[in-house]
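>>> next come a sequence and a model predicted from it.
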Amino acid sequence: MEILAAVLISVIGAATPLLFAAVGELVVEKSGVLNLGVEGMMVLGAVGAFAVTLTTGSATLGILAGAAAGAAMALVFALLTLTLLANQVASGLALTIFGIGASALLGRSFVGMPVTRLPQLDLPGLGDLAIIGPLLFGHDVLVYLSILSIPLTIWFLERSRAGLVLRAIGESHQAAHALGHPVILVRYLALLFGGAMAGLGGAYLSLAYTPMWAENMTAGRGWIALALVVFATWRPGRLLSGAYLFGGITVAQLHVQGFGFAIPSQFLSMLPYVATIAVLVAISADGTRARLNAPASLGRIFHPEA
Amino acid sequence: MRPRLEARIGASRTMVYATPVLAVALTMACGSVLFAALGHHPPAVLYAFFIQPLSSVYDLAELTVKATPLVLCAIGLSFGFRANVWNIGAEGQLTLGAIAGGGIALWAGDDAAAWVLPAMIVAGLLGGAAWAAIPAFLKTRFNANEILTSLMLTYVAILLLSYLVHGPWKDPDGFSFPQSRMFADSVLLPLLTMGTRLHLGAPITLFLALGAWWVMARMFIGFQIKVVGLTPAAAGLAGFSVNRLIWITLLTGGALAGLAGLFEVAGPIGQLQPSISPGYGFTAIIVAFLGRLHPVGILLSGLFIALSYLGGETVQIELGLPLAVSGVFQGMLLFFLLAADVLVRYRIRWRRAAMVQEAG
Amino acid sequence: MAERGVPARLQLRGITKQFPGCLANDHIDLTLGPGEIHALLGENGAGKSTLVKIIYGILRADGGDIKWDGQPVSIASPSQARRLGIAMVFQHFSLFESMTVAENVALGLDHGAGLDALSARVGEVGRRYGLALAPEKVVHDLSVGERQRVEIVRCLMQEPRLLIMDEPTSVLTPGEAEALFITLRQLADEGCTILYISHKLQEIRALCDRATVLRAGRVVATCDPRQETARDLARLMIGEDFSQASKTAGGPCGAARLQVRGLNMAAAAIHGTAITGIEFEVAAGEILGIAGVAGNGQNTLLAALSGEQLCPNAGDIRIDDQDAGDLGPRRRRRLGLAFVPEERLGHGAVPEMSLTDNALLTGYERQDLLSRGSIMFPRTRDYAQRIVKSFQVVTGSIGSHAGSLSGGNLQKFIIGRELLQQPKVLVVAHPTWGVDAGAAAAIHTALLDLARQGAAILVVSQDLDELLQISDRFAVLSEGRLSECMVTAAADIGRIGLLMGGQATGHGRENGGERRAAQT
């Protein structure tokens, strides 16, 4: 039982960065923009959070810095794609290439330095309960925030007027523009939110999951988050199960090695990537259902007078 | 007097050529600011970055050696990008080409026959193409997004290479370093000039670039690729099969990336090791865009980006700046290029001036 | 009609709007009184849509001023227009397919109301004006007529004082249009001003109190449409006495060249319409028209005919007695098919490519423009040159981008491209949609000439007048089913209207018999 709890706790750890990045990207895509730069925003968030935490000693400032770094990257993307009408796919790739390079440059003096792991929220008494205590109450603030982001996103998209407008813009930016909704503004805000969430995912990696900075430490998690959005068929509720499924796969890989199976570690490390492909295929094969829920304007350039 | 963008009728020919130059200039300006912020004297860094690596025959040969894989990958990618097929897994295809060709070299051993090197080249092409065939199959059969599948396969390929050089293909006399035995001299690409690392791969690449130009400018298949990228519905009307073009562009891109990988291991590296490319497959995306997806443009941009790699190494040695500067430079370059490209498709108008009509 | 002493509800003075390469509005004056139904009449491209977009705040004029209830205003956005009391029903681009009726209505309002309260009000407004709607339904499940009702209800929720309707009946059956007119008259009686945009003369004469006629961006006349004949209005709109292509003796004279037998196809597009049991034949020398309101399966049928979607059975479509249902576009062209799609830019032509490249696009097969995988550029340029010359395409050179041509010229180029391939069977969708009158006449003449030379022609069009003018026989497509074919000369307009509304029976079974009747 103890082992199971330990495994579950590590699943939560592996899933949290994915969940942050995927929730952010889902909102972005719902507004009709495809930002492939999640990996770049995430890795810059990781180094930003780490650097600020280390220099100021404040994890809170570090987390905010991570979010701000991700949002700043998203702002560049927004400027390129929304104001200068650049191709979204190419701009997203540029964001990732730049983010990986810039984070390596900024983080070079922090490699190998330690930082205190993000503290667990101390709820008196509750954390001491057997098994269920650490499982439910033994996490840091980011874990709870990531889980909380799901119902908040559902409420925002399904219940709030702003969410309705955002979905409408993603569905048809021409129609939304004709009705007077501020297409560009809403997309800017969505992108900033997406960037901040990816930055938080990165911050979790460098402050809590493995409290240190290593070059390219996101290792493709940003891309997996993109796949998760497809997996969830653009429904935030399904992101939770998706992220935890992938967290589970990542953790399983570590534990299989721990149990001494004679499988080369490289093959186990392939698992999350292969699983991503498998999941993409499974979801995309039934095209119509996914497409009905996919934002119809996704990736299309909007020019009001065109 | 607020600026606004006005769509041009057709792209501006001038801007197509002017924007890469503009992007390079802006990158240098921004880079100078960055270096100044890092406490270096910008002119010194720019000199070390862009001029110093060009100061000897050896350096020029090194530039060509670096440009070769970039140009090969970028030409392959450019076919796909023109057709809206976003293969971003050239790095993985390059790795598989190296594994397939390198495998043959290891199998042939020390007394390899004359046919082994050609066989390695074929294997490199096939290995890369086979790796690219997976996203092609998943895209055409299951409609799975090729961006994500090709990228995920890159991680898988690199892990596969890591397994091979840590495991079955590890050099038994290599003091347990994770690398294969050195290839026999007879299976290495012939050097073109003594005292440099310039190898046969460079002229082959030049030849392939010219071939690619012929295909895009003169062949019907090139026309089909352009149509399907610009207007998929018109391609359907004309009877061009989108799936066939997905296969063709991905297989071509994979084969060329695989060839690049083979050239690396049969050229400058001479063995298999965990890392055979400093991200050539990803950087080739920038090379392709900077070269306007045009084979001749890609030759030029490949040389320029190769210079940014060499420059990165020079400033690391001379000024102690991290190698990551190259990546930052390349990322900035792509940003500025994408931003400047707005001028190709739109012209900037100031509101008041809108009454004046101008010939398109 | 503006009453004395009461200021005009909306007054435009000197409105001007320049687009690249075209002056869309040139000093336009327009005055609308309270409770007036005012027609804005003009051909496609005359500047009507630009003008109403300026009134509704979607576009900004380069010059001119606007007065609302006598007060100068500047309308910067649609939400500002709505605050003034201006509402608009769009021709295109206005509903969100995957959202519910209530959500769509909410998006047209400036204040967030709870969706439940909104649903109740949708019902209330619907009852008052006879526009029944189910608020919880998703829009893509609605018929075209229902969709327009959503748009109108969305406008009426704001209790507008000026309602702009952009070509509202282009998507309606005659019956639905009649019901719409009743609603509009009721609104006008309540004091709402209606600006009604159309190029359909009959309905303007039936509905409107006054008409302003636009031509090439300018106001050319303001009149009482009830006092003018349709021909006078048409002359004002077009600016010349238009000569209509007329059918001369000829008509069907040979064996069937295009046969469609029991064709069933699922919709290719997500929100498309499936077609069922389609049966017809087109003989050599014959023009068969397929009428119907857009969205009733035309796109599915056209994709099946062009080969862009393969048919379930090879025998579903036969060209010159050869099975073609399982062939792609290239092999159907080899059999003698030529095809002109509905959308010129983005389907019929690649906007960013030259006319030479666009000639190559479909001409490569029947014009022998390829040699061992390479393009023969001299031959291709010669072919493009011949198209431009034979069809009087106005363009700088054959190196010009297709996107730089005007709608009419590009359509002439595309039709010319297909006609020079000497097709045995030609399928044309909406041949003169958005084309000026001169080009339309040239296109009609070319089609009739081709038929006279023995080709079989199928014309799919929303424009009933066009079909009545050029086709020998025609049928109506409604909800994915094709009616029996009728001889045009003996057609009964009332019955056609019922067929278009899907209210008449008889789905294609008797068309074999009908064909024989047509030949005798």
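The structure has been received and is ready for your questions.

>>> residue A:76: what secondary structure?
helix (DSSP: H, G, I helix; E, B strand; the rest coil).

>>> can you give me the helices in the stretch 251-360 of chain B?
Along the stretch 251-360 of chain B, counting by DSSP state H, counting those that start in this stretch, helices occupy B:280-290, B:295-319, B:325-340, B:342-345.

>>> is the shortest one positioned near chain C?
No. Remark: helix B:342-345 sits outside contact range of chain C, by Cβ under 8 Å from any Cβ of the partner chain, the gap being at least 9.3 Å. In short, each C-beta sits where N, CA and C put it, glycine included.

>>> okay, buried residues for stretch B:36-45 please.
For stretch B:36-45, the neighbour count (16 or more other Cβ atoms under 10 Å in any protein chain shown) marks B:40, B:42, B:45 as buried.

>>> quick one: contacts of that stretch?
Outside stretch B:36-45, the residues within contact range by Cβ atoms under 8 Å, 6 or more residues apart in numbering or on different chains are B:31-33, B:35, B:315, B:319, B:321.

>>> the residue nearest to residue B:65 when sequence neighbours are not counted: which element?
Closest residue in space to residue B:65, ignoring its immediate chain neighbours: residue B:197 at 5.1 Å, by Cβ to Cβ, 6 or more residues apart in numbering or on different chains. Residue B:197 belongs to no helix or strand when assigned by DSSP states H and E.

>>> show me the contacts for residue B:197.
Contacts of residue B:197 (Cβ under 8 Å, 6+ apart): B:61-62, B:65, B:191, B:267-268.

>>> closest one to residue C:466 among the helices of the stretch 251-360 of chain B?
helix B:342-345 (35.8 Å; Cβ to Cβ).

>>> could you measure from residue B:100 over to residue C:469?
Noted for residue B:100: a distance of 66 Å to residue C:469, by Cβ to Cβ, to the nearest Å.

>>> coming back round to it: need the contacts of residue B:197 in CSV (columns: distance to residue C:66).
Shown next, in CSV, are those (distance: Cβ to Cβ, whole Å):
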residue, distance to residue C:66
B:61, 70
B:62, 68
B:65, 67
B:191, 77
B:267, 71
B:268, 71
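
>>> from these, which land in strands?
Among the contacts of residue B:197, no member falls in strands (DSSP state E).

>>> can you say which of those are buried?
By 16+ other Cβ under 10 Å, the contacts of residue B:197 give B:61-62, B:65, B:267-268 as buried.

>>> got the residue ranges for the helices in chain A?
A:2-30, A:38-56, A:59-78, A:88-106, A:132-137, A:141-159, A:161-171, A:173-178, A:183-204, A:221-231, A:236-258, A:265-285, A:287-293 (DSSP state H).

>>> for the residue of chain A found nearest chain C, give its distance to residue A:173.
Of all residues in chain A, residue A:180 sits closest to chain C, at 3.0 Å by Cβ to the nearest Cβ. Distance from residue A:180 to residue A:173, counting by Cβ to Cβ: 13 Å.

>>> residue C:338 against residue C:425, yeah?
Yes. The pair residue C:338 / residue C:425 is scored as a contact, 7.3 Å apart, by Cβ atoms under 8 Å.

>>> got the phi/psi numbers for residue C:290?
phi -120, psi 110 (degrees, to the nearest 10).

>>> so residue C:428 lies in a strand, does it not?
Yes. Secondary structure assignment places residue C:428 in a strand (three-state DSSP).

>>> pretty sure it contacts residue C:457?
Yes. The criterion here is Cβ under 8 Å, and residue C:428 meets it with residue C:457 at 6.8 Å.

>>> those two - which one has more neighbours?
When neighbours are counted by other Cβ atoms under 10 Å in any protein chain shown, residue C:428 and residue C:457 differ, and residue C:457 comes out ahead with 27 against 24.

>>> model confidence for the residue in the stretch 151-300 of chain B positioned nearest to chain C, exactly?
Nearest residue of the stretch 151-300 of chain B to chain C: residue B:239, at 3.3 Å (Cβ to the nearest Cβ). Looking at residue B:239, its pLDDT stands at 92.

>>> show me where pLDDT drops low in chain C?
Within chain C, the segments meeting pLDDT under 70 span C:1-5, C:20-22, C:44-45, C:91-93, C:112-113, C:170-171, C:238-253, C:270-271, C:497, C:501-520.

>>> most neighbours among the contacts of stretch B:36-45, please name it.
residue B:315 leads these on contacts (other Cβ under 10 Å) with 25 neighbours.

>>> is it true that it touches residue B:50?
No. Here residue B:315 lies out of contact with residue B:50, judged by Cβ under 8 Å, at a distance of 10.2 Å.
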